[in-house]
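Asks: kindly return the folded structure for what I paste below:
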Amino acid sequence: MVGLRRPAPLLAVVCACASTLAAQVHGPQIRAGAARTEITPDLRKHGPVYMAGFDNNRIATGIHDPLYARCLALSAAGQTLVLCGVDSIGLFADDVEKIRADVKKRLATQKKSAAGSVNVVVAATHDHQAPDTMGLWGPAEGQSGINEAYNTFVVDRVAHTAAEAVRHLKPAIVIMGQAHPSDLDTLVHDDRPPEVHDAGVIILRATTVKGDTIGTLVNWANHPETMGSKNTLITADYPQFLCSQIEQQLDGVAVFLNGAVGGMQSPLGASVPDPATGRPAPENSFLKAELIGRRVAQVAANAVRNGHTMNADRIEFQETRIEIPISNQGFQHAAKADLYKGRKKTMPGGATTTPVGVARLYSRSKAFLEIALVPGEVYPELSVGGVQRYGGADFPDAPIETPIKQLMTADFKMLVGLADDEIGYIIPKAEWDEKEPWLNSAPKAWYGEVNSVGPEAAPLIVGALEGMLRSHP
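Replies: Residues are numbered from 1 along each chain as shown. Take a look at the predicted model:
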């Protein structure tokens, strides 16, 4: 989310399926490589470090655990896709384009036959306990929290990590699994109707032909804001426990890609039982973050241990840039006040451009994995369905967008949020509610619209994805 309380500002990848499906892709037609680099801020060099996601002037006082950029590269038939998960509140498309250009430069000396065409996807985890890389949580309202030295450091480190993942490509076996036990939904709280979650876990594991893990890719949807607004220690929140547990169980590099977190899908308000006491873990505690991360890691690891073999022989990547009108006056004022430090320049007429993408992994001309790349925090009902028409909606007759995962035909479907940009909440137009009366006769405004570019974001983004997904060759 972007704005008052927490932020909101593509490329393509590979998707996953439902229940406990699993699939395996083996070489030599596919290769994989992975890398991990620390991006923890130096509190002196980059200080004061304004922490993102809640209030202004929340200054970091220490480091609880390191932040990382993690990348997994997959390559087949001259096409290479690099999927990067970054422990950050969000990276605007301007910084992503710098990363892509830097990767291209770093790989310029590499033989063309080694990787072919390289496409890089950079998705922030949306960590609310990381430095402000978007400018919205500085010392006071109207003052940017971006430290250019830190943003430059992140750009450099992510580019380095992506290039290293490509350089380490080797013949691989890729195992995929998915599971959705009911307790995963209890780890996520939704504070706005309709209560819909997209809480299934999808995991991709790439190993050498001998079975040693190269890297894993985990896709799940929940805000990393377990520690709440009072914490002043830098932490990756639950993703650090998730990734470290996966790396401990399966080895290799674990890359976490967040999903449909709009709405908002959050650990705050969720009751997470502590097995040691039989009682809920304390709110805003590292214990709660650990329990969430470890449970998701356990589900993912168990799912990927059941595999089917597929001959992956092609990777396809599509991306388009679309123009979205900005009706949010707060976003327009932030741009005029240069909170973004030259990023997210608005177009004439008050619009923004953003990338939207789709990636596919094929076996014998059939896509078995699809990934929708969404440049913000999409409401889960736009992912899996469940849009409702409530009294009080500003656009009660707006067409209901087709759920993104229903547009996919592969057995495995992933939706990656905050992919290559962060434009804020992406709200179904029929549920848009900026004027009284409020949805469902609520006594006050629901949270969401203040952190969205406007009501046209959802139909335009879903429309762009629909065009790419229906043009399946």
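Asks: quick one: mean pLDDT over stretch 266-273.
Replies: In this model, stretch 266-273 carries a mean pLDDT of 97.
Asks: so how far is that stretch from its chain's centroid?
Replies: 20 Å (Cα atoms, centre = their mean, to the nearest Å).
Asks: can I get it in CSV, CA atoms only?
Replies: C-alpha atoms of stretch 266-273 as CSV (Å, rounded to 0.1, in the frame of the first residue of the first chain):
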residue,chain,number,x,y,z
SER,A,266,-2.0,-9.4,6.9
PRO,A,267,-0.7,-11.4,10.0
LEU,A,268,-2.0,-8.4,12.1
GLY,A,269,-5.2,-9.7,13.7
ALA,A,270,-4.5,-13.3,12.8
SER,A,271,-4.3,-15.7,15.8
VAL,A,272,-1.3,-17.9,15.4
PRO,A,273,-1.1,-20.8,17.9
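Asks: any buried residues in that stretch, and which?
Replies: In terms of neighbour count (16 or more other Cβ atoms under 10 Å), stretch 266-273 has its buried residues at 266-268, 270, 272. For the C-beta atoms, the positions are set from N, CA and C on the backbone; glycine is no exception.
Asks: got it, and stretch 247-264?
Replies: Residues of stretch 247-264 classed as buried by neighbour count (16+ other Cβ under 10 Å): 247, 249-250, 252-264.
Asks: list the ones among these that fall in helices.
Replies: Within the buried residues of stretch 247-264, residues falling in helices by DSSP state H are 247, 249-250.
Asks: including pLDDT, could the residues you listed go into CSV?
Replies: Shown next, in CSV, are those (pLDDT from 0 to 100):
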residue, pLDDT
Glu247, 98
Gln249, 96
Leu250, 96
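Asks: for those, which one is nearest Ala77?
Replies: Leu250 (26.8 Å; Cβ to Cβ).
Asks: what's the closest non-adjacent residue to that closest one?
Replies: Ranked by Cβ to Cβ, 6 or more residues apart in numbering and with sequence neighbours excluded, the top spatial neighbour of Leu250 is Thr213, at 5.0 Å.
Asks: and that neighbour, what pLDDT?
Replies: pLDDT, Thr213: 97.
Asks: dump the residue contacts of it.
Replies: Contacts for Thr213 (Cβ atoms under 8 Å, 6 or more residues apart in numbering) come out as 205-207, 250-252.
Asks: show the subsequent helix or strand relative to the helix or strand bottoming out on mean pLDDT in the chain.
Replies: Among the helical and strand segments of the chain, the one scoring lowest on mean pLDDT, DSSP states H and E is helix 112-115, with a mean of 63. On the C-terminal side of helix 112-115, the closest following helix or strand by DSSP states H and E is strand 117-124.
Asks: okay, that following strand in CSV with CA atoms only?
Replies: This file holds the C-alpha atoms of strand 117-124, laid out as CSV (Å, rounded to 0.1, in the frame of the first residue of the first chain):
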residue,chain,number,x,y,z
SER,A,117,17.9,-13.7,-24.1
VAL,A,118,17.8,-12.8,-20.4
ASN,A,119,14.6,-11.4,-18.7
VAL,A,120,14.8,-10.2,-15.1
VAL,A,121,11.8,-10.0,-12.7
VAL,A,122,12.3,-8.1,-9.5
ALA,A,123,9.6,-8.6,-6.9
ALA,A,124,9.8,-6.9,-3.4
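Asks: where does pLDDT dip in this protein?
Replies: Counting by pLDDT under 70, the chain has low-confidence residues at 1-28, 111-114, 472-473.
Asks: so what's Ala140 closest to, chain neighbours aside?
Replies: Asn56 (5.5 Å).
Asks: burial count for that neighbour?
Replies: Applying other Cβ atoms under 10 Å, we find 16 residues neighbouring Asn56.
Asks: surely it is within a strand?
Replies: No - judged by DSSP: H, G, I helix; E, B strand; the rest coil, Asn56 forms no part of a strand; its state is coil.
Asks: please report phi then psi for Val416.
Replies: phi -110, psi 120 (degrees, to the nearest 10).
Asks: in contact with the residue lying closest to it once chain neighbours are set aside, which residues?
Replies: In space, and not counting its chain neighbours, Val416 is closest to Leu257: 4.7 Å by Cβ to Cβ, 6+ apart. Leu257 makes contact with 13, 83, 85, 123, 217-219, 414, 416, 419, according to Cβ under 8 Å, 6+ apart.
Asks: restricted to strands, list the residues you listed.
Replies: Within those, residues falling in strands by DSSP state E are 83, 85, 123, 217-219, 414, 416.
Asks: can you pull out the helices in the stretch 151-300 of the chain?
Replies: Secondary structure of the stretch 151-300 of the chain (DSSP state H, counting those that start in this stretch): helices at 183-186, 238-250, 286-304.
Asks: elements contacting the first one?
Replies: Where contact means 3 or more Cβ pairs under 8 Å, 6 or more residues apart in numbering; DSSP states H and E, helix 183-186 is packed against helix 286-304.
Asks: likewise the second one?
Replies: The criterion is 3+ Cβ pairs under 8 Å, 6+ apart, and the helices and strands that helix 238-250 contacts are strand 213-220, strand 253-258, helix 286-304.
Asks: pull the distance from the first one to the chain's centre.
Replies: The offset between the C-alpha centroid of strand 213-220 and the centroid of the whole chain comes to 14 Å, using Cα atoms, centre = their mean.
Asks: please name the strands paired to that strand in the sheet, noting orientation.
Replies: strand 201-208 (antiparallel), strand 253-258 (parallel) (DSSP bridges).
Asks: the inter-axis angle of the shortest one versus helix 286-304?
Replies: What it means is strand 253-258. Taking axes from the mean of the first three to the mean of the last three Cα atoms, to 10 degrees, one finds strand 253-258 and helix 286-304 inclined to each other by 110 degrees.
Asks: roughly how far out does strand 253-258 sit from the chain middle?
Replies: 9 Å.
Asks: same check, this time on the first one
Replies: Going by Cα atoms, centre = their mean, the spacing between the C-alpha centre of strand 201-208 and its chain's C-alpha centre is 17 Å.
Asks: could you give the angle of that strand to helix 238-250?
Replies: Using the same axes, to 10 degrees: strand 201-208 against helix 238-250 is 40 degrees.
Asks: quick check: closest non-adjacent residue to Gly228.
Replies: Per Cβ to Cβ, 6+ apart, closest to Gly228 is Asn284, 3.7 Å.
Asks: assess the claim that that neighbour and Lys230 are in contact.
Replies: Yes - using Cβ atoms under 8 Å, Asn284 is in contact with Lys230, at 6.6 Å.
Asks: TSV for the ones in helices among the buried residues of stretch 247-264, including distance to Leu136?
Replies: Below are those laid out as TSV (distance: Cβ to Cβ, whole Å):
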residue	distance to Leu136
Glu247	32
Gln249	36
Leu250	36
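Asks: closest one to Asp156 out of the residues you listed, please.
Replies: Glu247 (23.6 Å).
Asks: contacts only, for the closest one.
Replies: Glu247 touches 253-254, counting by Cβ under 8 Å, 6+ apart.
Asks: how much space between it and Thr216?
Replies: 8 Å (Cβ to Cβ, to the nearest Å).
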